[in-house]
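Asker: 3D, please:
(2 chains)
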Amino acid sequence: MQTDVEKKIKWAALLVLAGLACMLLSFTKVHPLAFVAFLTIACPLTLAGVVLFLWTLLHKDA
Amino acid sequence: MPALFLIPFVVVAAAIAAWIAWRADFTRSREGKVLAFLGLAVLPVAAVFEGFSAHMERGQSTEFCLSCHVMSDFGRSLRIDDPSYIPAQHFQNNRIPRERACYTCHTDYTMFGGVSAKLRGLRHLQVQYLGTIPKPEEIKLYYPYQNRECLHCHAGARRFEEGSAHHKTPDLLVRAKSGQLSCLSSGCHEFIHDVGSLKDATFWKE
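Answerer: So this is what the prediction gives:
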């Protein structure tokens, strides 16, 4: 049975995973759109995951 | 960090994130907490910074600049078989690195240089996909080409400083160095990309 903290960590991991996957995809093309995708999709997803994870660490049950 | 190392780095970070997503209960142990901190904080942040750096590096490549169709004629102009065409002469004789040919001479252009130049780069993307794409021959620089881009390499070079063409008038070199006289002035180095006349040009075959 997952605790609330573990559920949040799982979501954080999924966000980081999605962001890193987009980042990898953005490296497959040398094109301005790849750079824009990196900036507007990969970075926000990854950083949102990191922020959620760090925020979860502050939870009293962590 | 070159892409060669960056990609495995990102893959490792993604693998740790995937493991944590699958087995979040692993973070109950001390090792799990350390791994989670590494995989969900340290490595992703490092990947973002290194990824940004890698994209900026790739953005300086000739391939990047020519990846939009409208720029392909500018790429073709680098292979005009006529040494009076300055970009072609520099490209074909390795006077500039071929893989960074555009960026070497247009250092303040599009996605690089100042913030306003970066915003112009985004505007170019908007025009490319949502607007009306101009004909290649209608594309102009926002500002007159600066001698700074030429002097960056040529200033101090013997051929440049002592060349007879640069001493046709006593103050020619002084005016060129101060920017009062453009290197691309008529009668000097006036043939640049000239994409409007490509259909009549012959091209260098490597």
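Asker: How much space separates B:E138 from B:V127?
Answerer: Applying C-beta to C-beta, to the nearest Å, the value for B:E138 to B:V127 is 12 Å. Quick note: C-beta positions are derived from backbone N, CA and C, even for glycine.
Asker: More neighbours: the two, which one.
Answerer: B:V127 (14 against 10; other C-beta atoms under 10 Å in any protein chain shown).
Asker: How is chain B divided into domains?
Answerer: Domain ranges of chain B: B:2-58, B:62-145+B:182-198, per automatic domain parsing.
Asker: To A:L39, which of the ones you listed lies closest?
Answerer: With respect to A:L39, and counting by C-beta to C-beta, the nearest of the domains of chain B is domain B:2-58 at 7.9 Å.
Asker: so where's chain A uncertain?
Answerer: A:60-62 (pLDDT under 70).
Asker: what does it have sitting close to chain B?
Answerer: Contact residues (C-beta under 8 Å from any C-beta of the partner chain) of chain A with chain B: A:2, A:6-7, A:9-10, A:12-14, A:16-17, A:19-21, A:23-24, A:26-27, A:29-36, A:38-39, A:42-43, A:46-47, A:49-50, A:53-54, A:57.
Asker: Report the buried members of those residues.
Answerer: Listed as buried from the residues of chain A next to chain B are A:6, A:9-10, A:12-14, A:16-17, A:19-21, A:23-24, A:26-27, A:30-32, A:34-36, A:38, A:42-43, A:46-47, A:49-50, A:53, A:57; burial here means 16 or more other C-beta atoms under 10 Å in any protein chain shown.
Asker: From those residues, which land in helices?
Answerer: Judged by DSSP state H, these include A:6, A:9-10, A:12-14, A:16-17, A:19-21, A:23-24, A:26, A:32, A:34-36, A:43, A:46-47, A:49-50, A:53, A:57 as members of helices.
Asker: give the contact list for residue 43.
Answerer: You didn't pick a chain, so chain A it is. A:C43 makes contacts with A:19, B:48, B:51-52, as judged by C-beta atoms under 8 Å, 6 or more residues apart in numbering or on different chains.
Asker: nope, chain B please
Answerer: Neighbours of B:L43 in contact, by C-beta under 8 Å, 6+ apart: B:9, B:12-13, B:16.
Asker: do the same with B:C65
Answerer: B:71, B:74-75, B:102-103, B:110.
Asker: now B:L141, what's its secondary structure?
Answerer: coil (DSSP: H, G, I helix; E, B strand; the rest coil).
Asker: excluding its backbone neighbours, what's nearest A:V16?
Answerer: Distance criterion C-beta to C-beta, 6 or more residues apart in numbering or on different chains; nearest residue to A:V16, sequence neighbours excluded, is A:G49 at 3.5 Å.
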